[in-house]
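Engineer: below is the sequence, then the predicted model.
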Amino acid sequence: MKAINLADKLSTFAEHWQPRVVGQFNGHDLLVVKVKGEFVWHKHEDTDDFFLVLSGRMSIRLRDGVVMLGPGEIFVVPKGVEHCPVAEDEAHVLLIEPQGTPNTGNAATAAARRVI
């Protein structure tokens, strides 16, 4: 066993909105993702959506408002709540979600599960 360096993991890819699995925790994937621009409006029917901003800034648009996040800040979108993550400039984010959760809320349109 060894520590996971998130900055090292993030340095291995450049694509936005393509999360990478860096570890697992009680049946949950620990993922890092680079975000820039606007993602799709979506929801997760069976799970909450956890965001921890590691660097940069992002917002989570909700139908009834916007949550702004900076480095070190966490937001959890409750299951079933439609949301749209947005970052004007590149931000790095840690996600925690049940293994196999599609990032778009729909397996047909989700990014492939990639482990690094």
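Structural biologist: Yep, that arrived. In this text the structure is predicted, and so the values were computed from the model without any measurement.

Engineer: in the chain, what residue spans correspond to helices?
Structural biologist: 6-10 (DSSP state H).

Engineer: check which helices and strands the longest strand along the chain sits against.
Structural biologist: In terms of residue count, the longest strand belonging to the chain (DSSP state E) is strand 83-98. Packing contacts for strand 83-98, counted by 3 or more C-beta pairs under 8 Å, 6 or more residues apart in numbering; DSSP states H and E, involve helix 6-10, strand 28-38, strand 49-55, strand 58-62. Bear in mind the C-beta positions are built from the backbone N, C-alpha and C, glycine included.

Engineer: which one of those lies closest to Ile96?
Structural biologist: strand 49-55 (4.5 Å; C-beta to C-beta).

Engineer: which of the helices and strands in the chain ranks last by mean pLDDT?
Structural biologist: strand 114-115 (a mean of 84; mean pLDDT, DSSP states H and E).

Engineer: which residues are contacting stretch 42-52?
Structural biologist: With contacts defined as C-beta atoms under 8 Å, 6 or more residues apart in numbering, stretch 42-52 is touched by 58, 60, 69, 72-85, 93-98, 101, 104-106.

Engineer: contacting residues for the residue nearest in space to the middle of the chain?
Structural biologist: A centroid search over the chain (C-alpha atoms, centre = their mean) returns Leu95, at 4.3 Å, as the residue closest to the centre. Leu95 makes contacts with 19, 29-33, 49-52, as judged by C-beta under 8 Å, 6+ apart.

Engineer: what's the farthest-apart pair in those residues?
Structural biologist: Farthest pair in the contacts of Leu95, by C-beta to C-beta: Val32 and Asp49, 15.2 Å.

Engineer: many thanks, have a good one.
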